[in-house]
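Asker: Sharing a model prediction with you, sequence too.
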Amino acid sequence: MAPTPARLWRSRPARLTAVAALVLGAGVVALTTGARTAPAPMGEVLPVPVSVRPAADASYTLPPDAVVHTEAGSAEAAKVGAYLAGLLRPSTGYALPVVQDGEGRGVSLLLTGADPVVGSQGYRLDVTGEAVVIRARTGAGLFNGVQTLRQLLPPKVESPTAVPGPWTVRGGRIVDYPRFPYRGAMLDVARHFLPVETVKRYIDRIALYKINHLHLHLSDDQGWRIAVDSRPRLAAYGGRTQVGGGPGGHYTKAQYREIVDHAARRYVTVVPEIDLPGHTNAALASYAELNCDGRARPPYTGTDVGFSSLCTTKEEVHTFVKDVLGEVAALTPGPYLHIGGDEARATPTARYAAFMNRVQPMVAATGKTVVGWHQIGEPGVRHQEGRVLQYWGRTGSDPLVAEAVARGARVVMSPANRAYLDMKYDPETVPGQKWAGYVEVRDAYDWDPGSHLEGVPASAVLGVEAPLWTEAISTEEEIEYMAFPRLPAVAELGWSPGATHDWAAFARRLGAQGPRWAVMGIDFHRSPQVSWDEQGD
Ligand code: IFG
């Protein structure tokens with residue numbers, strides 16, 4: 001089949017040539033076609049900020065001797081300063097020393113003077129002819145301001161090697177803060193195991209769009225991915241398989257801590273999931289006693305769901321769950337522990353409820369807050385203080401969820417026909433599935449988490465999350481292709497005010513991200529719904 005532009009774009013050699021032309025030829029292109037060499041308009045940031053006041057006559061150009069100043073005496077601000085310098089040094093070639101001396105010429109990151117309205121994740125960004133100043137009340141706020149500054153700089157700022165400037169930012173003031181506190185991305189590392197480096201790169205990319213949670217689906221029928229000292233066979237044996245029969249793999253505790261630390265430095269909280277009582281064949285294959293008949297199950301490398309269940313009537317199964325959750329909680333600085341709960345078709349309903357009524361308090365005993373797929377809202381399952389249901393349905397109403405919310409639950413919205421990144425874009429999409437329908441980028445954008453479900457008011461919505469399941473996705477290129485551009489769409493729904501929701505405006509801002517992704521080497525889907533900026537220097 002003749003390579004279509006998209007397919008051509010997706011092949012690595014063609015893309016590298018294209019990127020090389022883009023970077024090397026940018027000067028010529030700019031001269032001949034008048035391509036935009038002016039810095040991005042302040043409102044072009046994604047997610048779109050709460051308020052933007054451009055100063056038409058001002059702009060700031062980062063000089064080679066620029067200094068990054070951070071709040072005097074604040075280690076937190078210094079960490080964000082070091083992160084910012086680390087972002088800008090490779091492409092600018094500038095030294096960019098970080099000095100903890102408060103406001104100065106250059107770029108300043110301050111923890112004083114921020115408007116209270118910005119809260120714990122927001123910031124104020126001021127650009128004048130002399131300086132860039134980001135003010136926030138927390139490190140996370142400064143970090144989010146840095147992501148905005150990053151997007152106000154030309155796409156070539158993402159270059160891993162030094163390229164010519166100028167590094168100019170349009171003048172003005174942005175005051176910004178999120179609509180929802182929880183904006184997540186999920187990686188299913190169970191169906192296909194993903195190396196630590198792949199997970200870290202995904203964290204780097206979701207941080208650019210102010211996503212602040214990474215949900216790791218660590219166990220399923222096809223594989224167990226996290227070492228558990230008290231049950232060594234889970235990783236040693238249950239981690240040796242994956243969909244299609246490949247070698248699988250698992251994270252040692254040290255590797256898992258490496259992921260957690262990398263995420264924390266980008267203000268991303270890791271949410272580990274141990275799926276229970278279904279989606280457990282890897283555990284059932286590793287320990288015979290977890291099965292009601294006392295016989296270990298054979299490893300499973302197919303893609304069926306709903307056939308497995310822990311033997312929820314056995315006391316040793318509850319001990320197993322308590323031990324596993326205890327070790328995973330000890331590895332998790334974040335507040336959430338996800339216990340799955342989906343597709344437990346092999347567990348009788350009454351047993352499912354009884355089991356979950358044992359497991360939820362176990363999670364609370366570790367000091368963590370329960371998260372579960374929305375099936376844990378099953379009436380027989382008691383409300384656990386603070387618990388969160390993750391909605392993955394395809395309808396605009398679900399009585400079970402509405403009822404659980406009435407009992408005090410909050411909801412993270414992940415409707416499969418909107419936010420599931422493993423759904424094909426269209427019939428031509430090679431990787432992924434289509435059971436929830438085709439999901440193009442406009443489908444991922446054109447919904448409102450705050451009013452998506454009847455009986456679930458915006459006040460009960462903790463936020464949004466975009467899951468990427470990996471039965472039919474296994475390489476980093478496929479992950480990039482499926483996540484971009486839909487993940488930024490979900491990120492915008494989680495961060496920006498509902499009043500800014502406008503497909504045409506969003507599509508324009510999304511198109512302007514194309515050159516940035518090209519420089520970052522992200523193999524994105526050039527959706528025909530968006531006019532992609534080709535160059536941008
Ligand atoms: N549903 C299953 C996942 C995965 C998914 C693939 C949930 C909560 C379909 N459960 O989504 O394990 O198989 O799209």
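Answerer: Now that the structure is in, tell me what you want to look at. Residues are numbered from 1 along each chain as shown.

Asker: What's the local residue count around residue 104?
Answerer: 15 (other Cβ atoms under 10 Å). Where C-beta positions appear, they are placed from N, C-alpha and C, glycine not excepted.

Asker: my bad, should have said residue 45
Answerer: 24.

Asker: Next one: it, what pLDDT does it get?
Answerer: The score at residue 45 is 97. That number is its pLDDT.

Asker: was I right about it contacting residue 149?
Answerer: No - between residue 45 and residue 149 there is no contact, the gap being 9.3 Å when judged by Cβ atoms under 8 Å.

Asker: Next, residue 215: phi, psi?
Answerer: phi -90, psi 120 (degrees, to the nearest 10).

Asker: Then residue 69?
Answerer: Torsion angles, degrees, to the nearest 10, at residue 69: phi -100, psi 140.

Asker: what's across from it in the sheet?
Answerer: residue 99, residue 108 (DSSP bridges).

Asker: which residues does it contact?
Answerer: 81, 99, 100, 101, 102, 103, 104, 106, 107, 108, 109 (Cβ atoms under 8 Å, 6 or more residues apart in numbering).

Asker: quick one: the nearest residue to residue 114 once chain neighbours are set aside from residue 117, how far?
Answerer: Nearest residue to residue 114 in three dimensions, chain neighbours excluded: residue 135, at 4.2 Å (Cβ to Cβ, 6 or more residues apart in numbering). Going from residue 135 to residue 117 by Cβ to Cβ, to the nearest Å gives 12 Å.

Asker: So which of those two has more stuff around it?
Answerer: Between residue 135 and residue 117, counted using other Cβ under 10 Å, residue 135 has the larger neighbour count: 24 against 12.

Asker: Do I have it right that the more buried one meets residue 124?
Answerer: Yes - between residue 135 and residue 124 a contact is recorded at 4.7 Å, counting by Cβ under 8 Å.

Asker: Overlap of the contact sets of these two?
Answerer: With Cβ under 8 Å, 6+ apart as the test, residue 135 and residue 124 both reach 113, 114, 145.

Asker: Which of these are buried? Put it as a ChimeraX command.
Answerer: Typed into ChimeraX, the line below selects the buried ones among those, using 16 or more other Cβ atoms under 10 Å:
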select :114,145
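
Asker: Which parts of the stretch 251-400 of the chain are strands?
Answerer: 269-276, 336-340, 369-373, 388-391 (DSSP state E, counting those that start in this stretch).

Asker: can the third one be found next to the ligand?
Answerer: Yes - in this structure, strand 369-373 sits against the ligand according to Cβ under 6 Å from any ligand atom; the contacting residues are residue 373.

Asker: and that strand, which strands flank it?
Answerer: When pairing is defined by DSSP bridges, strand 369-373 lines up against strand 336-340 (parallel), strand 388-391 (parallel).

Asker: Taking strand 269-276 as reference, get the angle to it.
Answerer: Angle between the axes of strand 369-373 and strand 269-276 is 60 degrees (criterion: axes from the mean of the first three to the mean of the last three Cα atoms, to 10 degrees).

Asker: Could I get the average pLDDT for strand 369-373?
Answerer: The model assigns strand 369-373 a mean pLDDT of 98.

Asker: The first one now?
Answerer: The average pLDDT for strand 269-276 rounds to 98.

Asker: Note down every partner strand of it and its orientation.
Answerer: Assessed with DSSP bridges, strand 269-276 is paired to strand 213-217 (parallel), strand 336-340 (parallel).

Asker: who's in contact with residue 140?
Answerer: Neighbours of residue 140 in contact, by Cβ under 8 Å, 6+ apart: 120, 121, 212, 267.

Asker: cutoff 7 Å now
Answerer: By Cβ atoms under 7 Å, 6 or more residues apart in numbering, residue 140 lies in contact with 120, 121, 267.

Asker: for residue 161, same thing?
Answerer: residue 90.

Asker: What helix or strand is it located in?
Answerer: Under the criterion DSSP states H and E, no helix or strand holds residue 161.

Asker: And it, how far from residue 94?
Answerer: From residue 161 to residue 94 the distance is 13 Å (Cβ to Cβ).

Asker: per-residue confidence averaged over stretch 397-409?
Answerer: 97.

Asker: Direction included, what does the strand ranked longest in the chain pair against?
Answerer: Ranked by number of residues, the top strand in the chain under DSSP state E is strand 51-61. Strand 51-61 has the following strand partners under DSSP bridges: strand 168-176 (antiparallel).

Asker: Go ahead and measure how far the partner strand is from the middle of the chain.
Answerer: Remark: strand 168-176 is offset 25 Å from the chain centroid, using Cα atoms, centre = their mean, to the nearest Å.

Asker: contacts for stretch 331-340?
Answerer: With Cβ under 7 Å, 6+ apart, stretch 331-340 has contacts from 215, 253, 256-257, 260, 264, 269-276, 279, 325, 328-329, 359, 363, 366, 368-373.

Asker: Now, of those, which are buried?
Answerer: 215, 253, 256, 260, 269-276, 279, 325, 328-329, 359, 363, 366, 368-373.

Asker: what about this structure, any weak spots by pLDDT?
Answerer: The chain contains residues with pLDDT under 70 at 1-38, 535-537.

Asker: Residue numbers of the stretch 201-350 of the chain in contact with the ligand?
Answerer: Counting by Cβ under 6 Å from any ligand atom, the stretch 201-350 of the chain sits next to the ligand at 305, 342, 343.

Asker: measure the residue of the stretch 101-250 of the chain found nearest the ligand to residue 275 for me?
Answerer: Residue nearest to the ligand within the stretch 101-250 of the chain: residue 220 (6.4 Å; Cβ to the nearest ligand atom). Distance from residue 220 to residue 275, counting by Cβ to Cβ: 6 Å.

Asker: ok, the residue lying closest to residue 92 once chain neighbours are set aside - contacts?
Answerer: The shortest distance from residue 92 to any non-neighbouring residue, by Cβ to Cβ, 6+ apart, is to residue 167 (5.7 Å). By Cβ under 7 Å, 6+ apart, the residues touching residue 167 are 61, 62, 92, 153, 157.

Asker: before we move on, the earlier item: in CSV: the strands paired with strand 369-373, plus mean neighbour count.
Answerer: Listed next are those as CSV, based on neighbours: other Cβ atoms under 10 Å:
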stretch, mean neighbour count
strand 336-340, 25
strand 388-391, 26
